[in-house]
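[1] no sequence for this one, just the structure:
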């Protein structure tokens, strides 16, 4: 067992004392049937106790995990700090590589177009000479095969091994984006309602009953 596992078990052991109490409380909450003022009061007391226990467990969880999370943040921040300059340098390097690769690809594509045009020109000349009987048709066919192979190889060479096309997007006009691609900002809506706003187009703002136990 490593140090982290040992620390986790020690932390979890701190909750053991509360497990029996929580199990009993859970059973009482599940069994109660509210059918009188007396059972209502009992249920309210159970709900209050359950809330207190839940709060205590949550506070204990935060107390135990806070130093762990604080140390994790230190490690995360340190790792980011030592790779920050490298990431910037790498991004600049990748940008240069992409730019030069694009230049090479444009040159290869231009050469492929030149070879295609040259192949078409020679093909027309050979066909014309074959019709005039100035060249044997079998020779013409062989030359055409060789020219098409050169063109094929040129097309293959236009594909860079370093460049990949990936789909992405930029927002041009947010107002016309279909609804299925939008999400509601619940935090913003709740803040607006808390501030007193009672009408928002497309929303029904209303009050609902919620149990509040003192």
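    Yes, it's here. None of these values were measured; they are calculated from a predicted model.

[2] Okay, helices next: where are they in the chain?
    Here the chain has its helices, by DSSP state H, at 3-13, 16-31, 37-131, 137-157, 186-194.

[3] I'd like to know which of the ones you listed lies nearest to residue 169.
    helix 37-131 (19.3 Å; C-beta to C-beta). The C-beta positions use only the backbone N, C-alpha and C, and glycine is treated the same way.

[4] And the closest one, what does it pack against?
    helix 3-13, helix 16-31, helix 137-157 (3 or more C-beta pairs under 8 Å, 6 or more residues apart in numbering; DSSP states H and E).

[5] Would you single out the least confident of those helices?
    Note on those: helix 137-157 shows the lowest mean pLDDT, a mean of 68.

[6] Contacts only, for residue 34.
    Applying C-beta atoms under 8 Å, 6 or more residues apart in numbering to residue 34 gives the contacts 40, 43.

[7] separation between it and residue 24?
    19 Å (C-beta to C-beta, to the nearest Å).

[8] how deep is the spatially closest residue to residue 148 that is not a sequence neighbour tucked in, by neighbour count?
    What sits nearest to residue 148 in space, not counting adjacent residues and going by C-beta to C-beta, 6 or more residues apart in numbering, is residue 119, at 6.7 Å. Using other C-beta atoms under 10 Å, residue 119 has 19 other residues around it.

[9] One more: the one 3 residues further on?
    Burial measure for residue 122: 13 neighbouring residues, criterion other C-beta under 10 Å.

[10] Skipping its backbone neighbours, what lies nearest residue 22 in space?
    residue 53 (6.1 Å).

[11] Other residues contacting stretch 54-69?
    7, 11, 14-15, 18, 22.

[12] I'd like these laid out as CSV, including neighbour count.
    Shown next, in CSV, are these (neighbours: other C-beta atoms under 10 Å):
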residue, neighbour count
7, 12
11, 15
14, 12
15, 13
18, 14
22, 14
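
[13] And the pLDDT at residue 72?
    Taking residue 72 on its own, its pLDDT is 91.

[14] How many residues are close by it?
    Residue 72: 11 neighbours (other C-beta under 10 Å).

[15] next one: residue 112
    19.

[16] so it makes contact with residue 153?
    No: look at residue 112 against residue 153 with C-beta atoms under 8 Å: they stay out of range, at 9.2 Å.

[17] Pull out the buried residues from stretch 77-95.
    Under the neighbour-count criterion of 16 or more other C-beta atoms under 10 Å, stretch 77-95 has nothing buried.
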